[in-house]
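How does the following fold in three dimensions:
(one chain, ligands or ions: 1)
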Amino acid sequence: MAILKVARLGHPVLRHKAVALDPELVRDPGVQRFIDDMVETMREYDGAGLAANQVHTPVQIAVLEVHANSRYPDAPEIPLTVLINPVVTPLTEEMEEDWEGCLSVPDMRGRVPRYTSARLECLDREGNPVDIVVKDFFARVVQHETDHLHGILYVDRMRDLSTLTHLAEWNKYWLGVHEQDD
Ligand SMILES: [Zn+2]
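Model prediction:
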């Protein structure tokens with residue numbers, strides 16, 4: 001396995017719409033190795049998720065996982081999940097604002113509105129169809145990663161940039177603020 005290089009804000013690959021992966025290719029050893037490399041890269045950098053175009057490969061694959069993550073100390077756990085060709089359909093008009101960060105926007109945080117409930121349709125890493133309802137933090141991460149695959153970054157989703165903050169200033173001024181929204 002390998003740690004992959006993560007594209008940062010400004011790299012054009014982050015703005016490319018990823019192409020769907022041919023379902024016939026999901027079990028291809030090269031694709032499986034790439035998914036393993038994405039998981040290893042996400043874990044190496046303590047990300048809650050990683051989309052393929054963040055590692056310079058614009059195909060519709062994303063991985064997510066949260067286990068007692070130091071970058072998201074209050075976040076609920078999410079088991080390792082692989083999204084292939086995800087389609088996210090909001091099931092509510094309700095949106096909740098909360099902090100997000102991104103490995104492609106290093107050392108920054110901002111408050112981002114997301115739908116609190118959505119239908120997720122995709123393939124898993126064995127190529128099996130998945131059709132589930134995701135809620136709250138899981139729904140947030142799924143929306144963040146699926147946005148990546150459409151060339152959208154969390155900063156695009158912020159209602160305004162007044163909460164965009166560097167990590168050190170976030171720890172100093174913002175940590176614990178807005179807890180009532182959690
Ligand atoms: Zn991201």
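
ok, the longest strand anywhere in the chain: who's next to it in the sheet?
Identified as the longest strand of the chain according to DSSP state E is strand 78-90. Applying DSSP bridges, strand 78-90 is found paired with strand 61-66 (antiparallel), strand 117-123 (antiparallel).

Relative to residue 151, which of these is closest?
strand 61-66 (13.3 Å; Cβ to Cβ). Where C-beta positions appear, they are placed from N, C-alpha and C, glycine not excepted.

Export that closest one to PDB, keeping only CA atoms.
This file holds the C-alpha atoms of strand 61-66, laid out as PDB (Å, rounded to 0.1, in the frame of the first residue of the first chain):
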ATOM      1  CA  ILE A  61     -14.700   6.700  -5.400                       C
ATOM      2  CA  ALA A  62     -14.600   8.100  -1.900                       C
ATOM      3  CA  VAL A  63     -13.700   6.600   1.500                       C
ATOM      4  CA  LEU A  64     -14.800   7.700   4.900                       C
ATOM      5  CA  GLU A  65     -14.100   6.600   8.500                       C
ATOM      6  CA  VAL A  66     -14.100   8.200  11.900                       C
END
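
can you give me how far that strand is from the chain middle?
7 Å (Cα atoms, centre = their mean, to the nearest Å).

Residues contacting it, please?
With contact meaning Cβ atoms under 8 Å, 6 or more residues apart in numbering, strand 61-66 is reached by 18, 21, 31, 34-35, 38-39, 42-43, 48-52, 72, 75-84, 86, 137, 141-142, 145-146, 148-149.

In strands only, show me those.
Per DSSP E, the contacts of strand 61-66 map to strands at 49-51, 78-84, 86.

Now do the buried residues in the helix or strand of the chain with the lowest mean pLDDT.
Scoring the helices and strands of the chain by mean pLDDT, DSSP states H and E places helix 167-169 at the bottom, with a mean of 94. Counting neighbours by 16 or more other Cβ atoms under 10 Å, one finds that helix 167-169 has no buried residues.

okay, the ones in strands among the contacts of strand 61-66 in a markdown table with neighbour count, distance to residue 64 and pLDDT next?
What follows is those, written out as a markdown table (neighbours: other Cβ atoms under 10 Å; distance: Cβ to Cβ, whole Å; pLDDT from 0 to 100):
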| residue | neighbour count | distance to residue 64 | pLDDT |
| --- | --- | --- | --- |
| 49 | 24 | 4 | 97 |
| 50 | 29 | 8 | 98 |
| 51 | 31 | 9 | 98 |
| 78 | 19 | 6 | 92 |
| 79 | 9 | 9 | 94 |
| 80 | 13 | 8 | 96 |
| 81 | 22 | 5 | 97 |
| 82 | 20 | 8 | 98 |
| 83 | 27 | 7 | 98 |
| 84 | 26 | 12 | 98 |
| 86 | 21 | 10 | 98 |
